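Engineer: predicted coordinates and the sequence they were generated for:
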Amino acid sequence: MPLLALRVQVPHEAADALSDALLEQGAQSVSIEALDDPEAEVCAIFAGNADPRRALEEALACCGARSDRPYTVPAIEMTAMSVVPPPMSMTMFPAAPQSRAEAA
């Protein structure tokens, strides 16, 4: 199932609040990008059957932010996903020999 990637530019001071509001509106993941640009770009990933446009409207209203810039909602395909964490390995080193002063 494709995912939907909502991308919108907002003033930097509104980015954190909008990020939290989008998560409350059902976004699976949110990132804030373009931190050195005049405006921050908020990218939120939604399930393919979600309505990101409605979620954005609700989130903007909830946090009192505005965005006069156009936004995009392209579909993206997940090519691989791992639900099992990678195995952990443990390297064991031999104990250092004790000096005569430590042994006494």
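Structural biologist: Received, thanks.

Engineer: nearest spatial neighbour of A17, chain-adjacent residues omitted?
Structural biologist: Closest residue in space to A17, ignoring its immediate chain neighbours: C63 at 3.8 Å, by C-beta to C-beta, 6 or more residues apart in numbering. C-betas here are computed from N, CA, C, even on glycine.

Engineer: list the contacts for the one you found?
Structural biologist: By C-beta atoms under 8 Å, 6 or more residues apart in numbering, the residues touching C63 are A14, A17, L18, D20, A21.

Engineer: what of T72?
Structural biologist: A5, L6, R7.

Engineer: what's the closest of those residues to P74?
Structural biologist: Nearest to P74, judged by C-beta to C-beta, of these is A5 at 5.7 Å.

Engineer: check the burial of that closest one by counting its neighbours.
Structural biologist: Other residues lying near A5 total 16 when counted by other C-beta atoms under 10 Å.

Engineer: does it touch C43 like I think?
Structural biologist: Yes. Taking contacts as C-beta atoms under 8 Å, A5 lies within contact range of C43: 6.1 Å.

Engineer: nearest to A55 among the contacts of T72?
Structural biologist: Taking C-beta to C-beta as the measure, L6 is the one of those closest to A55, at 7.4 Å.

Engineer: for the closest one, what is the enclosing helix or strand?
Structural biologist: strand 3-10 (DSSP states H and E).

Engineer: how near is S29 to G48?
Structural biologist: S29 is 14 Å from G48, where distance means C-beta to C-beta, to the nearest Å.

Engineer: right, I mislabeled it, should have said S19
Structural biologist: Taking C-beta to C-beta, one finds S19 at 21 Å from G48.

Engineer: more neighbours, these two?
Structural biologist: Ranked by neighbour count (other C-beta under 10 Å), S19 and G48 place S19 first, with 21 against 12.

Engineer: which SSE is that one in?
Structural biologist: Per DSSP H and E: helix 12-24 holds S19.

Engineer: packing partners of the helix or strand just after that helix?
Structural biologist: Next helix or strand after helix 12-24 toward the C-terminus (DSSP H and E): strand 29-33. Other helices and strands packing on strand 29-33, by 3 or more C-beta pairs under 8 Å, 6 or more residues apart in numbering; DSSP states H and E, are helix 12-24, strand 40-47.
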